[in-house]
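In: Sequence plus the predicted model coming up.
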Amino acid sequence: MASLENIKTPADLRKLDRSELDGIATQLREFVLQSVSRTGGHLSSNLGTVELTIALHYVFNTPDDRIVWDVGHQSYPHKILTGRREQMSTLRQQGGISGFPRRCESEYDAFGTAHSSTSISAVLGMAVASRNAKRDRQHIAVIGDGAMTAGMAFEALNNAGVTPGVNMLVILNDNDMSISPPVGALNRYLARLMSGGFYAAAKNVGRAVLQHVPPMLEFARRVEGHAKGLMSPATLFEELGFNYVGPIDGHDLDALIPTLENLKALGGAQFLHVVTRKGQGYKLAEADPVLYHGPGKFDPSVGIQKPKAPTKQTFTQVFGRWLCDMAQSDARLVGITPAMREGSGMVEFEQRFPARYFDVGIAEQHAVTFAAGLACEGQKPVVAIYSTFLQRAYDQLIHDVALQDLDVTFALDRAGIVGADGATHAGNYDIAYLRCIPNMVVATPSDENEARLLLSTCYQHPGPASVRYPRGSGSGATVSEGLDTVPLGKAVVRRQGGRIAILAFGTLAVAAGKAADALDATLVDMRFVKPLDEALLRELSQSHQAFVTVEEGAVMGGAGSAVLEFFSRERIDRPVLQLGLPDRFIDHGEQAAILAGLGLDAEGMQASIRAHFAEMFNNERAGS
Ligand SMILES: Cc1ncc(C[n+]2csc(CCOP(=O)(O)OP(=O)(O)O)c2C)c(N)n1
Ligand SMILES: CC(=O)[C@@H](O)[C@H](O)COP(=O)(O)O
Ligand SMILES: [Mg+2]
């Protein structure tokens, strides 16, 4: 039997006989399961793409032919077949391989992905470049039914369908799931494509043709004609200019391989609809693909277990509870998520307030403008969104919400370092990209209780407002039950100290507090980046010689910059040390370790402050 261990590159795979591939698929699936159970990572989607990955590398001449994995969270089988099997034990850990495709990691990773729905645009760009260079190669986008709901995917299809002379194949990997169950009219349309016995018949297209292998072009025409003959009327994708084939069974190599060979021979703009199951081959994941979408480490023989001891409440949970409480007290509240119900803590809200819950699909831009429309008519929308994904909706935030001063609350989860997902998902830029927008309130809670207070405060503010909080939990502060608010733009002095004032924006306040204790510095929980508590800053500048700003966000343009701008405007001549995230992308790893590595733990802050203000500390020592 052919062994997975002997496949160092796809060329080794291509040397195998077709009959050996089923054995490889079994080993590959088992390897994915065992490996992810030891490292944590995206499981269900990868179990679902085992056969598709084998078929693609078997049929196409990778890496010369380009494969772009949309989102890329389903690319582990691809990593394993392209020389990274042994490195899978380092997946998503500091110094290890990424959980997503990266051009710098392998020549087989044709394009870096992680934010969804970019694959068709990227592949079209590559296909046009190849056409212009008269290079004969294939360009393949593998995109899930969830990722297909984003506007960007349709922008690309719209463009591709009328672009002449491009060799591109879009493979829709339809598992009838996003992270949570799929939503929207497109999902209903895809379900219709599979109804009425059509899918059952189409499933056998490849197998039937394999039995009498005709010359390639004849074969191609027959498969094409057969699949199309089953379709009436033309699919949406045909109307957009693609040659649509499918749906076919994405776990059946006898269907996949001849169909891909056929499409390869045809060239042009091809669209293949493949049906897979999320979690395929691992019963627990098949039964609950949501739970197994992105698990931590677990024992595959028993599956994911509930923690025995109570765990600290996460910021996501604090938000979820607050949302339900506020919805209970204010009938105008509506909650919006762009396809991140679980991750954003909205499961209970959906159950309790189904008519006020909106999962709009992977459609961040639409989510924000949809909220703007709701706000125009007196509803109070809360958009729950990861900091990194709000980047997608920046123009909507400015043009549709802030410019019209609409009452929309943004609950920004995963602000700052996110850990295992790495640079693509890091929420490092929201302070910088939000604080420059007129009308926008930017709140940075320092702990879980502050998060609740600031959510209520921002919600009651009659204009656009954002509250940012990180992945996981904070100090573990007890969270009050009420819906109290705090004065907008007012900071709180948590510790009165000597010559240095540390201004903390957000959850790094805890580490900053320890540094303040050690240095006998003043500690201020700033609460808001905007409006900035200018009165307090003016006052502190009278009594302190130096300032330190601390934030888990990009230093450039961040909260520290806001303080410096204010000092400059007011001609306040005090040195300011800005502590925060440097001007480079920060790779995956464990959150606390990354922060410590950047000098953003208590010891690191202390050391930076001592070094930066060495003269002051030396004089102090000399004077005492
Ligand atoms: C722009 C953007 N929004 C949200 C996400 C979070 N996200 C990652 S995977 C996923 C679901 C994707 O569904 P699908 O494409 O069908 O792939 P499947 O998980 O079913 O394999 C979502 C919402 C993302 N990666 N990018
Ligand atoms: C691939 C993707 O974008 C999501 O699955 C993401 O990895 C979820 O991150 P959290 O685990 O922080 O919810
Ligand atoms: Mg899907």
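Out: Nice, I can see it. Ligands and ions are numbered 1, 2, ... in the order given.

In: Contact residues of the stretch 51-200 of the chain facing ligand 2?
Out: Near ligand 2, the residues belonging to the stretch 51-200 of the chain are Val71, His73, Ile179 when assessed by CB under 6 Å from any ligand atom. The way it works is simple: take the backbone N, C-alpha and C, and place the C-beta from them, glycine included.

In: Let me know the pLDDT of the second one.
Out: Same thing as His73. pLDDT recorded at His73 is 98.

In: Distance check, Val492 against Ala504.
Out: 10 Å (CB to CB, to the nearest Å).

In: out of the two, which sits in the more crowded spot?
Out: Ala504 (30 against 16; other CB atoms under 10 Å).

In: residues in contact with that one?
Out: Contacts for Ala504 (CB atoms under 8 Å, 6 or more residues apart in numbering) come out as Ser446, Ala512, Gly513, Leu523, Val524, Asp525, Met526, Val550, Glu551.

In: burial of Ala185, as a residue count?
Out: Ala185: 9 neighbours (other CB under 10 Å).

In: quick one: common contacting residues for Val492 and Ala504?
Out: Going by CB under 8 Å, 6+ apart, residues that sit against Val492 and also against Ala504 are Val524, Asp525.

In: Other residues contacting stretch 118-127?
Out: Stretch 118-127 is touched from outside by 66, 68-70, 110-111, 113, 139-143, 147, 152-153, 155-157, 159-160, 163, 166-168, 170, with contacts defined as CB under 8 Å, 6+ apart.

In: Could you list the alpha-carbon positions for that stretch in CSV?
Out: Only the C-alpha atoms of stretch 118-127 are listed here, as CSV (Å, rounded to 0.1, in the frame of the first residue of the first chain):
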residue,chain,number,x,y,z
THR,A,118,-10.5,36.8,-2.2
SER,A,119,-9.7,33.7,-4.2
ILE,A,120,-11.6,34.4,-7.4
SER,A,121,-10.1,37.9,-7.7
ALA,A,122,-6.6,36.6,-7.1
VAL,A,123,-7.0,33.8,-9.5
LEU,A,124,-8.4,36.1,-12.2
GLY,A,125,-5.3,38.4,-11.7
MET,A,126,-3.0,35.4,-12.1
ALA,A,127,-4.9,34.1,-15.1
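
In: which non-adjacent residue is nearest Phe410?
Out: Leaving aside its chain neighbours, Phe410 sits nearest to Ser466 (4.0 Å; criterion: CB to CB, 6 or more residues apart in numbering).

In: On the three-state scheme, that neighbour is what?
Out: With DSSP: H, G, I helix; E, B strand; the rest coil as the basis, Ser466 sits in strand.

In: count of residues packed around it?
Out: Neighbour tally, Ser466, other CB under 10 Å: 29.

In: do the same with Gln542
Out: Residues near Gln542, counting by other CB under 10 Å, number 8.

In: cool, and the one 4 residues further on?
Out: A count of neighbours around Ala546, defined by other CB under 10 Å, yields 17.

In: show me what contacts it?
Out: Per CB under 8 Å, 6+ apart, neighbours of Ala546: Arg499, Ile500, Ala501, Arg574, Pro575, Val576, Leu577, Phe613, Met616.

In: How about the secondary structure of the third one?
Out: Applying three-state DSSP to Ala501 yields a three-state assignment of strand.

In: Verify the stated contact: it with Thr549.
Out: No. Taking contacts as CB atoms under 8 Å, Ala501 lies outside contact range of Thr549: 9.6 Å.

In: and Ala411, that one's in a strand?
Out: Yes. Applying three-state DSSP, one finds Ala411 inside a strand.

In: Could you export the residues of the stretch 51-200 of the chain next to ligand 2 to TSV, including columns for neighbour count?
Out: Shown next, in TSV, are those (neighbours: other CB atoms under 10 Å):
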residue	neighbour count
Val71	24
His73	26
Ile179	21
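
In: just those that are near ligand 1?
Out: Answer for those near ligand 1 (CB under 6 Å from any ligand atom): Val71, His73, Ile179.

In: just to revisit the earlier point, which of the contacts of Ala504 count as buried?
Out: Among the contacts of Ala504, those scoring as buried are Ser446, Ala512, Gly513, Leu523, Val524, Asp525, Met526, Val550, Glu551 (criterion: 16 or more other CB atoms under 10 Å).

In: Just give the nearest non-adjacent residue to Thr235, would you?
Out: Leaving aside its chain neighbours, Thr235 sits nearest to Tyr244 (4.6 Å; criterion: CB to CB, 6+ apart).

In: And Leu323, by the same measure?
Out: In this structure, Leu323 finds its nearest non-sequential neighbour in Phe349, 5.0 Å apart by CB to CB, 6+ apart.

In: same thing with Lys312?
Out: In this structure, Lys312 finds its nearest non-sequential neighbour in Ser473, 4.1 Å apart by CB to CB, 6+ apart.

In: Hmm, that neighbour is touching Pro310, no?
Out: No. Using CB under 8 Å, Ser473 is not in contact with Pro310; the gap is 11.9 Å.

In: More neighbours: which of the two?
Out: Shown here are Ser473 and Pro310; by other CB under 10 Å, Ser473 has more neighbours (19 against 6).

In: all helices in the stretch 501-624 of the chain, in order from the N-terminus.
Out: Here the stretch 501-624 of the chain has its helices, by DSSP state H, counting those that start in this stretch, at 509-519, 534-543, 559-570, 591-597, 602-612, 614-623.

In: Residues contacting stretch 90-105, please?
Out: 35-36, 39-42, 68-69, 71-73, 75-76, 78-79, 84, 87-89, 109-114, 420-422, 424, 587-590, 593-594.
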